[in-house]
Every structure is written in structure tokens, then in C-alpha cells.
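Student: Dropping a prediction and its sequence here:
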Amino acid sequence: MKNAATRTAFISCAAALAIGVLVLTVGLTRGEQYQGRVSLLAEPSGQGDGAAAQYGEVVSLALPALVELARSPSVLRAAAPVSGFSPEELGRQVSVELVPASGLARLSVRASSAGQAEATASALGKAMIDANLLAPVGRLRPLDSRPDVAVIAPDVPLVAGLSLVAAVAAGLAAAAIRRLSAGRLLGEVGSVRRSLAAAGIHRPVTVLRTDDPETTDRLAVLGLAAGSPLRVVPVAPEFSEAAAKLAASLSVDGNGTGDAVVAVAGRRYDELTAIACLLPPGAVLMAVVLA
């Protein structure tokens, strides 16, 4: 039980480490991405007759249109030569955020270098100003002389957090799978013992699985305790190959007359009952290996 718990802990830690490192590596090796952002502020263009009264109405109606204006073909074509993108590619890199009740719009663009992000944001801002969307009562002007540029990928804290979550999830999943496998084996042990009881064998018999890496070592210990070579017996033809592989890894009785018997079986427990009933006098069923 202690060895099983240790192995489960080791497998869970190994799975967590592998998945965590994988996610961290993929996240940190992605290409760098920068964001250039320029803020555009709406302001009155003059104080002609009725201009002040119309300014608020024009701004409230026209400012939301900046979202579509930033992706309009005329603006994208004007900024594309400077950006290094085609107009279609540039449209996918642009986003606009409107600050409520302020007349302020923040235009953002993503690029693979800081210089490209800055130049593209400036070109887009200029193209939107030149569109004169608020004319004749208002105009747009840049709030700052140069766009703000920031690195947005890779986001080291985010990648580290995702790798930690993935590692924990992988470790828990590995532990759950191990527990399910152990629970399945316990259920199979009960079925095997009932089948052996039907054959008149009421003493404890070791139940193992072929996919357990400790099966060979545990059978070798049983062979030493029995004081005779083990004889591996398949309970049905479909288990002959598994029995042969198991016998090749053990010190077995080549003549097939050993008294210490290991049965290789599956989930047809009636076949195991039949073989157990047919064992010759003096033969002792030492273990059942489930393939």
C-alpha cells in the first residue's frame, strides 16, 4: 500500500511537472507582441452661430462611429503603407475604446515590434483626424504627442499562472486515474476470489495485472517462497501470448509440471473457475494475473 501511494505521488508530480513546463515553455516562447495606443479627444472647432449648441449633439451622435471609422477602408488604406500590414491585416489588429461622457476615444493597434506599433498607431490616429468626422462644429486632436507603447505578449504573470493551474490539474488527473485503476483492481480481486471459492479454493491468492511493472518482481518473490519454479497457465487461448511473455520474464518450469501455478486470466471468471477445478493434486495456485 505504501509503495502504491508513493508511486501515485511520483506519477502525479511527474505529470504536473511535465504539463507545467510544457505550458510555460509554449507561453514564453511565443513571439513578442506590442500594443501602440493613441488617445483622440473631441473638441469644438469654433464658436460660430449655433456651433456651441450643435457641438454636444454632434459629438454624442458621431463619436460612437469612431469604432467603425477605425476599420473603414479609407482609414486602413491611408495607414497601411506606414504600418507594414495590408489593409485587411491591419483591420484585424485595431481596436477602439470609447470613454463614456468624456469625448475621448482610445485607439489601439497590435504589432510585432515597438516601432511598428508606434508608427501604426500614429498613422491611424492621423487618418481618423483627417476624416473630419465631427466637422463643422468639432474636430479630433491627439491627446499626447506620441502613442503609448507596451508589451502585451508574452504576459509572464499570466503564463506562469496558467502553467501552475495546468500543472495542478494534470497532477490531480493523474492521481484520479491511479485511484480509479486501483478501485477497478479491487473490484476484480473480489470477482477472482468468488470464482476461486466456487472451485473450492478458499485461501488467499495474489491477484496482479499484466500492466503493473511490479508484477514480475512479486511473482519472483512468490516463486522463492514456494521453493519451486512457477508454472504459468493461460485459462483460455486468447491469453496464451500474455502467458508466454510472463513466463519469459520469470524462472518457470519448462516441463509444465511445477506445483506453483500462476494463472493468466481475463474477465471470464467462469474459465478461471474451470481451470482451478482441474489443477492436479499437489498443485497450488499461487497467483492470478489479469491480462
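Tutor: Now that the structure is in, tell me what you want to look at. Numbering: from 1, shown residues only.

Student: out of everything not next to it in sequence, what's closest to residue 33?
Tutor: Spatially, and ignoring its direct neighbours in sequence, residue 33 is nearest to residue 153 (3.9 Å; C-beta to C-beta, 6 or more residues apart in numbering). All C-beta atoms are positioned from the backbone trio N, CA, C, and that covers glycine.

Student: Backbone torsions only: list them for residue 121.
Tutor: phi -60, psi -40 (degrees, to the nearest 10).

Student: Can you name the residues that contact the residue nearest to residue 33?
Tutor: Neighbour list for residue 153: 30-33 [criterion: C-beta atoms under 8 Å, 6 or more residues apart in numbering].

Student: just residue 108 next, same as before
Tutor: For residue 108, the contact set (C-beta under 8 Å, 6+ apart) comprises 35-37, 94-97, 121.

Student: give me the element it is part of.
Tutor: Applying DSSP states H and E as the criterion places residue 108 in strand 104-111.

Student: mind listing what's buried in that strand?
Tutor: The neighbour-count check on strand 104-111 (16 or more other C-beta atoms under 10 Å) flags 105-111 as buried.

Student: Mind listing the strands that strand pairs with, and their directions?
Tutor: strand 33-44 (antiparallel), strand 94-99 (antiparallel) (DSSP bridges).

Student: Can you tell me which of these is packed in deepest?
Tutor: Greatest average neighbour count among these goes to strand 33-44 (a mean of 20), per mean count of other C-beta atoms under 10 Å.

Student: among the buried residues of strand 104-111, which two are most distant?
Tutor: Checked with C-beta to C-beta, these reach their widest spread between 105 and 111, with 19.5 Å between them.

Student: Residue 242: neighbouring residues, count only.
Tutor: Neighbour count for residue 242, taken as other C-beta atoms under 10 Å: 18.

Student: quick one: contacts for it?
Tutor: Residue 242 touches 210, 234, 264, 289, 291, counting by C-beta under 8 Å, 6+ apart.

Student: which residue sits closest to residue 232, ignoring its sequence neighbours?
Tutor: Nearest one to residue 232, counting by C-beta to C-beta, 6+ apart, is residue 247 at 4.2 Å.

Student: could you measure the one you found against residue 237, distance?
Tutor: Distance, residue 247 to residue 237, by C-beta to C-beta, to the nearest Å: 16 Å.

Student: how close does residue 67 get to residue 36?
Tutor: Taking C-beta to C-beta, one finds residue 67 at 18 Å from residue 36.

Student: what pLDDT, on average, does stretch 113-127 get?
Tutor: For stretch 113-127, the mean pLDDT works out to 92.

Student: Quick check: buried residues in it?
Tutor: Buried-residue list, stretch 113-127, by 16+ other C-beta under 10 Å: 116-127.

Student: Would you mind pulling the contact partners of it?
Tutor: Under C-beta under 8 Å, 6+ apart, the answer for stretch 113-127 is 32, 34-38, 40, 70, 74-75, 78-79, 82-85, 90, 93-94, 107-111, 142, 146-147, 149, 151.

Student: Against residue 207, how distant is residue 244?
Tutor: Where residue 207 is concerned, residue 244 sits at a distance of 20 Å (C-beta to C-beta).

Student: quick revisit: out of the strands paired with strand 104-111, nearest to residue 12?
Tutor: strand 33-44 (34.6 Å).

Student: chain center to the closest one: distance?
Tutor: Taking C-alpha atoms, centre = their mean, to the nearest Å, the mean C-alpha location of strand 33-44 is offset from the chain mean by 37 Å.
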